[in-house]
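Undergrad: here is a sequence together with a model predicted from it:
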Amino acid sequence: MRVLLLALRRLATSLPSLLLILCGLFLLLQFAPGDTVDALVAEMGGADAAVIGQLRQFYGLDASTTVQLGRYLWRLVHLDLGYSAIYGKPVAAVILERLPVTLVLMGCAQVLAAVCGVALGVAAARRAGRWPDTLVSMLGLVFYATPSFWFGLMGIVVFAIHLGWLPPGGYLDVAAGYKGLERIADIAWHLVLPAVTLALIYLAIYLRIMRASMLEVLSLDFVRSARAKGLAEYAVLVRHVLRNALLPLLTLAGLQFGTMLGGSVVIESVFALPGLGRLAYDSVVQRDLNTLLGIVFISALLVIAINFMVDMLYALLDPRILHERKA
Amino acid sequence: MSGPLPFLLSIDALSVALPAGADRGLALNNVSLALAPGEVLCVVGESGSGKSMTAGAVLGLLPDGVRRSAGHILLEGRELTALSEAGLRRIRGARIGMIFQEPMTALNPLRTIGDQIGEVFRTHTRLGKAEIARKVLGLLDDVQIPQPHAAAGAYPHELSGGQRQRAMIAMALALEPSLLIADEPTTALDVTTQAQILRLIRELQRRKGTAVLFITHDFGVVAEIADRIAVMRQGEVVETGPAAEILARPRHPYTQALLAAVPALEPPAPRVVAGDTLLAIDGIGKTYRSGSWLGRGQRQVHALDQVCLTLPRGGALGIVGESGSGKSTLARCLAGLLDPDRGSLRLDDEDLLAGGAARRRRRARRIQMVFQDPFGSLNPRRRVGELVAQGPLIHGEHPLRARQRAAELFELVGLDPSALDRYPHEFSGGQRQRIGLARALALEPDVLVADEPVSALDVSVQAQVLALLDDLRSRTGLSLILITHDLRVAAQVCDRVAVMKDGRVVEQADTAALFGSPRHPYTQALLAAVPGRQAAGLARAAGVSPAAAEPDWAQAGL
Amino acid sequence: MKLLQRYLRNPAACFGLLVLLAVIAMAASAPLLFPADPLSLAGRPLQWPLKDPRFWLGTDQTGRDIAAQIFHGARVSLLIGFVATLIAVCIGILIGAFAGYYGGWADNLLMRLTEGFQTLPSFLLLLVLVSVFGSGIATVTLAIGAVSWPATARLTRAEFLTLRNRDFVHSCRSLGMRDLQIIFREILPNALPPVVVYASVVMALAILLESALAFLNLSDPNVASWGNLIGGGRGVLRSQWYVSAIPGIAILLTVLAVSLVGQGLNDALNPRLKRP
């Protein structure tokens, strides 16, 4: 229960920041050289002033900035993200359609990056200073430096075009119309390349952090105590070092969630996945600023939600946190 | 092998090599020690003497790159150096127990005390969970932890420093090892807790017949607990022998110097202080409130409560207390770094707490402070000459004149003026404290507040810095407030001593009166807890008195 | 000096430095080696590398010299990377220093601002900025700087929080020094090393961000950028994959070099943290 309260308290402090940023974003968008109506009109192929004025009134774009801001915030509270002129549907509906794909992609990528990153980081830390460590660290650096979109393209060239093992894009084979387990397997097959590509840079980050965290924990006094008790090196590692070293990684994983959302924009474009990232790109190109703002808002909510869960998990794993609040 | 073995632990001509590039080639050079069963051997030395390395070598737990290069270690007749890693692991925890210095970091913060003590059993025996739990409770009872059942389920940060150390002792003695290695187990504890832990170790050792290799730098502790003593310096054993003999008749000049440097508990002859009251501290209070506005259960901590003290002109007031007593908070209030919530501070009838920031900045010159940590108190990126000249420069002094003053001050504190252009890391801890002193004196203050000026220094250097403080007092007529946790240090320098506990002044009196006949029970407990009250007395009886003979530092190699 | 010596003892760091110097050399020599506009037509499109001695890296799908674009692209990447990093670090240091030193409500406010920025995925924010203010190279650079400062601010704040309680700062205050002087002349020189090292990470990310933008055709189209090349090569991926492959390798090597130099600096500044 205390854990929940603690996490809620942290949540409460992050809401003002969100508000601050959203207001800032809204005001920023007022500087945009064109708005939804301009885009609509362009699509229609031009219209006269009266029609434009009516459209403006319809979309509420003729009111003063303060009023618009107020209305905007009010609608946000109701999770009404406005209307997408381009898609002809409420923004919320459009986003909801695209959200699952992105979440599945990011989930797979995070798991992949975390598992491999932790394993490699532990391996590197155990043989720190010797060649396995150098090799793994080098590999991590190369992964970190590789542009994800380029890796995706090269992956397509090698695995889809030349070897034909994996599909070059898309989320599933629509024509085949699989159901149930076959459908999941089809999606999985389609997601292999995108997930690996997206996971690459985060794998490198987790690797480096895990290695550093392990090395730091290994230098702490209680590891010496454990060895002085006669524990085997394996026992020392698993029962004392690992849990302590994983804690900083947990916080990091929460923070990286947001960055990964940004990364998915590029990956979804490369692999033609119908997700949120691709929607964001389309909105920019088509000047559908309503949708873009909606996506940013949803992303922020997602990040806050993830951080909330991470906070709770952290408080559960580290008994010192609760004690600090109690004291 | 026939007949009982004379020695439990026998270290024979042990040498341990450091990796290339260290400041010396050998961490330990031809070290030979012997420990009989049930005996307490104290290994004494200052920092860098190699005493902790010896413990590491016995356990086979040397840092990376450091290896044994020669010699033998025999435990109960077995050659430890010939054992494989697996063999050593079987001995660690089972035949040899170890206690470390910092109980907070020596225990895994994410696991309960009971779990960590039980781990010793799980590693070395095949006992069941219930049996282990019973044994753990029995052990916690043995080490006299209050509420053993609650303690077993507690995490390390939920216990106090003394309790954590007791838990560590329980962990080390779990399997009744024949040898206990204690590496500075009481250094990080309060004086009163220190006394309790020492008593506990002695009692357990006698009851279970455990031999103890006790590593320390404090001769007072040595006097309390040692049967035999070995003095180490720079990786070599300089002198060994029975405790009584070494304390009474030290032979090696280094040992003599170390013993002479231990501050005596007997106050010096009272200095005649003619002064009127220079600094009046009246009813100072400071309260901290914790807990945010969102949380319930706001706690109030009275860091300072109704503190009233006076400092005569030219006098030296000592403020003694343990951690949490509020002495550091008081120091910061005096130096203007913290604002008290209540009370008044008057210096020569001028109210120090009144006025805006600019006026207070100007008045700040009159009270200056010397800090505890010689490494953190000097900006590592500035030359020491600049640091000393900073004060006068801020208050409008001409740069050349400021530099000249810095050179004069260097001479005053016993440093070479040509060193003005060096950086702090090129100086030793004692020298850095002198630089800190020079900086504080640069503004010609009326009052010097010294917050634990010597606790981070080696014993031999402590004596020098204290002597310097004394010297400065008589030469410049400075008034001094010395804040410390060590009664012996206060006895050396101060005319008057005030004892603080939990933010209050529980007793204040002239030094001789306070030490001779303390009235408050806390003062009495503090005095009784000072380790080795007899030690200084022994040294003095042998003619090695601190005041009489200036030890030959050069010959002692300091 | 000793720092340089320690740095040069690290083989990976030396390699990084060499590659970085090579890239800088490429950027500097670009107007000399390829004086014509890199985005102008140079020859027959889609020629493979090393087929025509004039185009030793081949030509892209519109007939432009790939080698020229690579060399000129180096200027763009380095310039944008450096300037954006400078902006991000300056903003970050200012915010972090004041938040860390003063604490209290100033810290609260500034940290709420920082957290808000960090809640939004930086690439999305970049997209928003680009869609509002356009894709000119100056705008892109400013935008990248504007989304990259939070991490530097956090780092600086952490350093200031630690250093603020060091005794040498206390002694400066008791000597009567003013706050601004303490922040900028006493604490900042001590807080800078980890921030400078982190600047290499920011630069690496800035280069990656810019190339991602260019790949999506959202960056300045009148500038020869590596990302542009890769994006353009998507259409001919099946057969002429080298058009996308070569600039990607250039990005990889540059970012790798910057990261290695940063790590080398870190190891040189903290010798005791080096691997045992």
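TA: Sure thing, it's come through.

Undergrad: OK, contacts around residue 173?
TA: Defaulting to chain A. Remark: with contacts taken as Cβ atoms under 8 Å, 6 or more residues apart in numbering or on different chains, residue A:173 is in contact with A:167, A:186, A:190. All C-beta spots, glycine's among them, are computed from the backbone N, C-alpha and C.

Undergrad: wrong one, I was asking about chain C
TA: Per Cβ under 8 Å, 6+ apart, neighbours of residue C:173: B:336-337, C:182.

Undergrad: could you find the closest non-adjacent residue to the residue of the stretch 151-276 of chain C found nearest chain A?
TA: Using Cβ to the nearest Cβ, residue C:248 is the residue of the stretch 151-276 of chain C that sits closest to chain A, at 3.4 Å. Nearest residue to residue C:248 in three dimensions, chain neighbours excluded: residue A:150, at 3.4 Å (Cβ to Cβ, 6 or more residues apart in numbering or on different chains).

Undergrad: list the contacts of the one you found.
TA: C:230, C:244-245, C:247-248, C:251-252.

Undergrad: now residue A:221
TA: B:100, B:102, B:105-106.

Undergrad: okay, residue C:149: pLDDT?
TA: Here the pLDDT value assigned to residue C:149 is 93.

Undergrad: which elements pack onto whatever helix or strand it lives in?
TA: Counting by DSSP states H and E, the element that carries residue C:149 is helix C:137-164. Secondary-structure packing of helix C:137-164 (3 or more Cβ pairs under 8 Å, 6 or more residues apart in numbering or on different chains; DSSP states H and E): helix C:66-102, helix C:104-119, helix C:122-133, helix C:188-215.

Undergrad: now do that helix: distance to the chain's middle.
TA: Distance, stretch centre to chain centre, for helix C:137-164: 12 Å (Cα atoms, centre = their mean, to the nearest Å).

Undergrad: pull out the buried positions in that helix.
TA: By neighbour count on 16 or more other Cβ atoms under 10 Å in any protein chain shown, the buried set for helix C:137-164 is C:137, C:139-157, C:159-161, C:163-164.

Undergrad: hang on, the earlier thing: and the contacts of residue C:173 as CSV, adding distance to residue B:34 and neighbour count?
TA: Shown next, in CSV, are those (distance: Cβ to Cβ, whole Å; neighbours: other Cβ atoms under 10 Å in any protein chain shown):
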residue, distance to residue B:34, neighbour count
B:336, 56, 21
B:337, 52, 16
C:182, 56, 18
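
Undergrad: let's have those residues in JSON lines, adding secondary structure, pLDDT and distance to chain A.
TA: Shown next, in JSON lines, are the contacts of residue C:173 (DSSP: H, G, I helix; E, B strand; the rest coil; pLDDT from 0 to 100; distance: Cβ to the nearest Cβ, whole Å):
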{"residue": "B:336", "secondary structure": "coil", "pLDDT": "82", "distance to chain A": "29"}
{"residue": "B:337", "secondary structure": "coil", "pLDDT": "85", "distance to chain A": "24"}
{"residue": "C:182", "secondary structure": "helix", "pLDDT": "90", "distance to chain A": "29"}
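
Undergrad: in three-state terms, label residue B:34 for me.
TA: Following DSSP: H, G, I helix; E, B strand; the rest coil, residue B:34 is assigned to strand.

Undergrad: can you pull the contacts of the closest residue to residue B:53 other than its chain neighbours?
TA: The shortest distance from residue B:53 to any non-neighbouring residue, by Cβ to Cβ, 6+ apart, is to residue B:27 (4.7 Å). Listed by Cβ under 8 Å, 6+ apart, the contact set of residue B:27 reads B:16-18, B:50, B:53, B:66, B:235.

Undergrad: make sure residue B:27 is indeed in a helix.
TA: No - under three-state DSSP, residue B:27 falls outside any helix and is assigned strand.

Undergrad: check the gap between it and residue B:254 for me.
TA: 18 Å (Cβ to Cβ, to the nearest Å).

Undergrad: can you redo the contacts of residue A:150 as TSV with pLDDT, distance to residue C:191 and secondary structure?
TA: Converted to TSV, the contacts of residue A:150 look like this (pLDDT from 0 to 100; distance: Cβ to Cβ, whole Å; DSSP: H, G, I helix; E, B strand; the rest coil):
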residue	pLDDT	distance to residue C:191	secondary structure
C:230	90	38	helix
C:244	88	42	helix
C:245	89	42	helix
C:247	91	37	helix
C:248	92	36	helix
C:251	94	31	helix
C:252	94	32	helix
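
Undergrad: closest residue of the stretch 101-250 of chain A to chain C?
TA: Closest residue of the stretch 101-250 of chain A to chain C, Cβ to the nearest Cβ: residue A:150 (3.4 Å).

Undergrad: which SSE is residue A:72 in?
TA: Applying DSSP H and E, one finds residue A:72 within helix A:65-77.

Undergrad: that helix vs chain C: in contact?
TA: No - Helix A:65-77 is not in contact with chain C by Cβ under 8 Å from any Cβ of the partner chain; minimum separation 14.4 Å.

Undergrad: for that helix, the averaged confidence score.
TA: Helix A:65-77 carries an average pLDDT of 77.

Undergrad: over to stretch A:22-38?
TA: Averaging pLDDT along stretch A:22-38 gives 72.

Undergrad: again with stretch B:516-528
TA: On average, stretch B:516-528 scores 86.

Undergrad: out of the helices and strands packed on helix C:137-164, the one nearest residue B:184 is which?
TA: helix C:188-215 (30.3 Å; Cβ to Cβ).

Undergrad: point out the other helices and strands that the closest one packs with.
TA: Using 3+ Cβ pairs under 8 Å, 6+ apart, helix C:188-215 sits against helix A:148-155, helix C:66-102, helix C:122-133, helix C:137-164, helix C:226-232, helix C:242-269.

Undergrad: show me which residues of the stretch 201-327 of chain A sit near chain C.
TA: The stretch 201-327 of chain A has residues A:215, A:255, A:258-263, A:265-266, A:269, A:280-281, A:283-284, A:287, A:289, A:292-293, A:295-296, A:299-300, A:303-304 near chain C, with proximity defined as Cβ under 8 Å from any Cβ.

Undergrad: now intersect these with the helices, please.
TA: Judged by DSSP state H, the subset of those located in helices is A:215, A:255, A:258-263, A:265-266, A:269, A:280-281, A:283-284, A:289, A:292-293, A:295-296, A:299-300, A:303-304.

Undergrad: ok, which stretches of the stretch 151-300 of chain B are strands?
TA: For the stretch 151-300 of chain B, strands defined by DSSP state E, counting those that start in this stretch occupy the ranges B:179-183, B:211-216, B:228-233, B:236-242, B:277-290, B:299-312.

Undergrad: how about the ones you listed, which one is nearest chain C?
TA: Once the strands of the stretch 151-300 of chain B are compared by Cβ to the nearest Cβ, strand B:277-290 is nearest, at 14.1 Å.

Undergrad: does chain C sit close to that closest one?
TA: No - Strand B:277-290 stays clear of chain C (Cβ under 8 Å from any Cβ), getting no nearer than 14.1 Å.

Undergrad: just checking: what are the partner strands of that strand?
TA: When pairing is defined by DSSP bridges, strand B:277-290 lines up against strand B:299-312 (antiparallel), strand B:342-347 (antiparallel).

Undergrad: quick one: low-confidence ranges for the stretch 51-200 of chain A?
TA: Filtered on pLDDT under 70, the stretch 51-200 of chain A yields the residue ranges A:59-62, A:85.

Undergrad: buried stuff in stretch B:90-99?
TA: B:91-99.

Undergrad: if I look at the residue lying closest to residue B:188 once chain neighbours are set aside, what pLDDT would I see?
TA: Spatial nearest neighbour of residue B:188, excluding adjacent residues (Cβ to Cβ, 6+ apart): residue B:102 at 5.3 Å. Per-residue confidence (pLDDT) for residue B:102: 83.

Undergrad: try residue B:155
TA: On the pLDDT scale, residue B:155 is placed at 90.

Undergrad: hmm, back to that, export the contacts of residue A:173 as TSV, with columns for secondary structure.
TA: Shown next, in TSV, are the contacts of residue A:173 (three-state DSSP):
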residue	secondary structure
A:167	coil
A:186	helix
A:190	helix
